[in-house]
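1. everything below, folded, please.
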Amino acid sequence: MPKENLESVSSTATNILKLIPGRIDLWAYGENVAAWEIKSLGLDPDDYITVFVLNEKELHYAFHNEKEDSLIRNFRLPSIPLNPRAFTRLSWIGI
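-> Have a look, this model is predicted:
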């Protein structure tokens, strides 16, 4: 696809609102977040379907560095993050 046919937007809502009248052909987004975004616009997520899964990726949690250790510990993260700073903090609190 030529670059001139691609358009960046600053909000998910803009893409959803362009999808409705057919101003864009597709919208690639995570299903759960997409449903939430659609609902936040007062629309029904059940009116939309996933027609193709582009690529499944792992999702990761991110916490503000001033969050209580107990909150982070309660998530029981299944894997060690790749970010060395995060690894140090998680090791320090015993995860």
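
2. now do the SS call for Ala35.
-> Three-state call for Ala35 (DSSP: H, G, I helix; E, B strand; the rest coil): helix.

3. skip the chain neighbours and tell me the closest residue to it.
-> Take Ala35 and drop its neighbours on the chain: the residue closest to it by C-beta to C-beta, 6 or more residues apart in numbering is Pro45, 3.8 Å away. The C-beta positions use only the backbone N, C-alpha and C, and glycine is treated the same way.

4. what is the neighbour count of Pro2?
-> Neighbours of Pro2 under the rule other C-beta atoms under 10 Å: 5.

5. quick check, pLDDT for the residue nearest to Ala35.
-> pLDDT for Pro45: 89.

6. and what of Asn74?
-> 67.

7. again with the one 4 residues further on
-> The predicted local distance difference test score for Pro78 is 54.

8. what of Lys18?
-> Per-residue pLDDT puts Lys18 at 90.

9. and if you look at the one 5 residues further on?
-> Residue-level confidence at Arg23 comes out at 86, pLDDT.

10. start the count at 16 instead of 1 going forward.
-> Renumbered: residue one is now 16, and that last one reads Arg38.

11. around it, how many other residues sit close by?
-> Neighbours of Arg38 (other C-beta under 10 Å): 11.

12. and if you look at Ala49?
-> Using other C-beta under 10 Å: Ala49 sits among 18 other residues.
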